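J.: Can you look at this prediction? I've put the sequence above it.
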Amino acid sequence: MEESVKARIDLLRKQLHEHNYKYYVLSAPDITDKAFDEMMRELQDLEKAHPDYYDENSPTLRVGNDINQNFKQIRHRYPMLSLGNTYSEGEVADFYERVRKTLNEPFEIVCELKYDGTSISLTYANGALQYAVTRGDGEKGDDVTENVKTIRSIPLQLRGNNYPAEFEIRGEILMPWTVFEQLNKEREQQEEQLFANPRNAASGTLKSQNSSVVASRKLDAYFYYLLGEELPAEDHFSNMQALRQWGFKVSDATKCCQTLEEVFQFLNYWDKERNNLPVATDGVVLKVNSLRQQKNLGYTAKSPRWAIAYKFQAQRSLTRLNSVTYQVGRTGAITPVANLDPVQLSGTVVKRASLHNADIIQKLDLYLGDMVYVEKGGEIIPKIVGVDTDSRLLLGDKVQFITRCPECGTPLVRFEGEAAHYCPNDSTCPPQIKGRMEHFISRKAMNIDGIGSETVDLFYRKGLLHDISSFYDLQGKDILMEGIREKSVHNILQSIRESINVPFERVLYALGIRFVGETTAKKLAFAFHTIDALEQATLEQLTAVDEIGKRIAESVQLYFRDETNQRIIEKLRHAGLQMTLSEARMADKSDKLKGLSIVISGTFTLHSRDEYKNMIEKHGGKNLSGVSSKTDFILAGDNMGPAKLEKAAKMGIKTINENDFLQLIK
Ligand code: IVH
């Protein structure tokens with residue numbers, strides 16, 4: 001029986017690795033998503049029922065978990081160097097000439113795209129992923145292995161069997177344009193700070209403390225450099241082909257050039273064509289193909305002499321600044337927007353550019369009518385990078401940040417340490433009210449279908465909606481009006497009715513408390529269990545919750561002290577919304593380890609380290625990575641390091657074994 005369970009687990013793991021590869025690396029799946037999900041679920045269930053068959057590279061780990069991690073630093077076996085940059089064909093020709101002179105024999109140059117993401121170094125042993133480490137300072141970086149495992153196009157287990165026993169591979173982790181745009185759209189709706197470009201989004205995501213966040217962000221990765229003692233071939237280009245066979249994504253936009261002329265052709269071709277790629281690139285990397293020749297050329301202190309980067313020109317246009325308008329968001333944050341004469345830039349017509357905040361306007365020293373440079377350097381929203389002061393003939397008005405809300409006239413405020421200005425009139429400023437209603441019904445909040453921002457606006461203007469609780473007063477006869485069909489009315493009402501089952505943590509998020517995003521709402525719900533307890537919580541109780549700082553705590557208190565908000569909550573409670581964490585969610589959690597800081601050390605037999613980490617979190621404890629005066633006890637497995645043991649003994653810190661620990665949380 002046990003034998004066959006193990007065989008089934010092995011088979012599912014193997015098949016899921018294969019399907020992942022076909023889907024994410026080859027973009028050619030051969031089963032339906034549904035069939036894939038079913039296999040994944042079966043494996044998850046089996047693994048849960050049989051924890052002894054834990055495998056740290058199981059495809060189920062691709063979904064991540066919400067354990068907070070403090071990244072360990074790992075030293076790179078081979079330092080991660082940077083590349084010299086060039087910006088013109090002339091400089092590329094100089095590089096080519098230097099190589100020719102030094103080598104004094106025929107050579108080839110491999111041209112590859114320079115992917116604009118965040119670099120990563122992976123170590124594989126016997127075909128299995130061991131570590132994923134960020135660049136860091138080039139000598140040592142952060143151990144982001146758990147996060148990287150959630151990136152589906154990175155093989156956890158290599159294909160075939162002719163790979164070296166041990167090697168390192170370097171590549172770039174990227175957020176595809178479509179994912180980036182969607183993410184920013186969601187962040188905009190939630191008034192979270194936007195990522196400036198996919199590179200920042202990718203590196204921010206990779207450093208996330210929570211691997212399930214990484215899993216949800218759909219990162220991708222391309223690989224371009226193989227290092228190790230025994231490599232399959234004597235040249236870079238062939239090694240890249242080998243990587244592809246082992247299951248890595250290697251760009252097809254790669255060419256082995258025999259002449260400088262061919263190199264130039266590659267540069268010119270991709271300068272335009274790169275706009276059609278799914279991910280961001282910022283140049284071309286030129287590498288001497290032969291590894292022997294690479295060795296002969298060697299390195300300077302910072303970069304190889306056998307490779308160089310050619311950077312594409314950021315696309316820039318000159319146009320006129322006509323006006324600056326100000327938008328008011330859900331939390332009252334004011335965003336200045338520049339309105340421009342339409343101008344062609346990287347294939348699209350640009351009419352508007354973000355000016356971000358008052359400091360940026362000040363720095364640019366803008367006057368209306370100025371000719372300004374707009375640039376799209378990887379960013380999706382174009383930005384103004386400078387002013388052509390020479391063409392300033394007649395000085396228009398200086399752009400001054402507004403002092404009153406453009407929608408309701410209330411004087412604006414600016415909180416200490418924040419770049420944004422806010423309209424503090426949250427109770428009657430229309431865009432804030434409408435913004436809160438749109439947030440309330442959004443998918444991750446109450447998920448009320450059938451109403452978009454135009455309908456919210458219409459109902460608001462008709463006096464049918466005035467705050468988030470009024471959704472539950474809507475009657476069919478009121479909303480059956482011109483432009484809204486009977487079927488839509490039915491759907492809207494049905495969707496509102498169903499929303500009363502949305503779990504408490506999402507209701508909390510839906511309220512739209514400033515700084516309380518999805519994750520924070522979850523943390524608060526699990527810490528306080530009911531809205532009443534949260535309402536009563538003191539500043540100390542709030543800040544005692546993991547990752548809740550003073551800023552969030554104060555905002556929560558401010559929210560609940562407001563009488564209008566109290567009335568809204570009462571109405572929502574009356575409408576039947578979930579104001580308590582469900583029994584099922586609570587059953588998983590307890591306070592048994594509340595306030596305790598615990599270090600896990602050694603190897604375990606009953607559960608994996610990750611499972612223990614998870615249990616500690618669920619029962620209110622905190623995982624610490626190193627023994628210190630803050631440690632309450634050590635959950636000690638076998639083979640705990642002698643240094644740690646000695647330190648613990650010296651500091652009088654208790655160690656407990658896994659049986660005792662399980663007893664403790666039972
Ligand atoms: S090769 C020693 N190839 O550019 C040479 N790097 O400025 C190792 N990058 O840190 C790098 N695409 O993050 C190489 N095709 C490519 C690349 C590439 C992007 C990044 C990488 C590196 C940086 C160098």
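T.: Alright, I've got the coordinates.
J.: The ligand contacts on the chain?
T.: 81-83, 112, 114-115, 119, 172, 224-225, 285, 304, 307, 309 (C-beta under 6 Å from any ligand atom). Every residue, glycine included, has its C-beta placed from N, CA and C.
J.: biggest helix in the protein, by residue count?
T.: Longest helix in the chain, counting residues (DSSP state H): helix 2-20.
J.: Give the rounded mean pLDDT of the helix or strand immediately after it in the chain.
T.: Next helix or strand after helix 2-20 toward the C-terminus (DSSP states H and E): helix 33-49. Here helix 33-49 scores 86 as its mean pLDDT.
J.: Helix 33-49 to helix 2-20, inter-axis angle?
T.: Per axes from the mean of the first three to the mean of the last three C-alpha atoms, to 10 degrees, the angle that helix 33-49 makes with helix 2-20 is 140 degrees.
J.: Within its sheet, name the partner strands of the next helix or strand after helix 33-49 and how each one runs.
T.: Sequence-wise, the next helix or strand downstream of helix 33-49 (DSSP H and E) is strand 73-75. Here strand 73-75 has these sheet partners by DSSP bridges: strand 140-142 (antiparallel).
J.: Name the next helix or strand following the strand it pairs with along the chain.
T.: By DSSP H and E, the next helix or strand past strand 140-142 is helix 145-148.
J.: List buried residues within the residues of the chain next to the ligand.
T.: Leu83, Glu112, Lys114, Tyr115, Ser119, Glu172, Tyr224, Tyr225, Val285, Pro304, Ala307, Ala309 (16 or more other C-beta atoms under 10 Å).
J.: I'd assumed the fifth one was in a helix, is it?
T.: So the one you mean is Ser119. No. Applying DSSP: H, G, I helix; E, B strand; the rest coil, one finds Ser119 to be strand, outside a helix.
J.: Now do the contacts for it.
T.: Counting by C-beta atoms under 8 Å, 6 or more residues apart in numbering, Ser119 makes contact with Met80, Thr134, Arg135, Arg170, Gly171, Glu172, Ile173.
J.: out of those, who's nearest the ligand?
T.: Checking the contacts of Ser119 against the ligand by C-beta to the nearest ligand atom gives Glu172 as the nearest, at 4.8 Å.
J.: could you say which helix or strand contains the closest one?
T.: Element membership for Glu172, per DSSP H and E: strand 166-174.
J.: where along the stretch 201-350 of the chain do the strands fall?
T.: 220-227, 254-257, 281-288, 307-311, 315-328, 334-345, 348-354 (DSSP state E, counting those that start in this stretch).
J.: Now do the shortest one: distance to the chain's middle.
T.: Spelled out, it's strand 254-257. 33 Å (C-alpha atoms, centre = their mean, to the nearest Å).
J.: Kindly report the same for the third one.
T.: Using C-alpha atoms, centre = their mean, we find the averaged C-alpha position of strand 281-288 to lie 26 Å away from the chain's own average C-alpha position.
J.: Each with direction, which strands does that strand pair with?
T.: For strand 281-288, pairing defined by DSSP bridges yields strand 109-115 (antiparallel), strand 307-311 (antiparallel).
J.: Tyr78: neighbour count?
T.: Neighbour count for Tyr78, taken as other C-beta atoms under 10 Å: 11.
J.: Would you agree it is in contact with Leu227?
T.: Yes. Tyr78 is within contact range of Leu227, at 5.0 Å (criterion: C-beta atoms under 8 Å).
J.: what touches both of these two?
T.: Glu168.
J.: No further questions, thank you.
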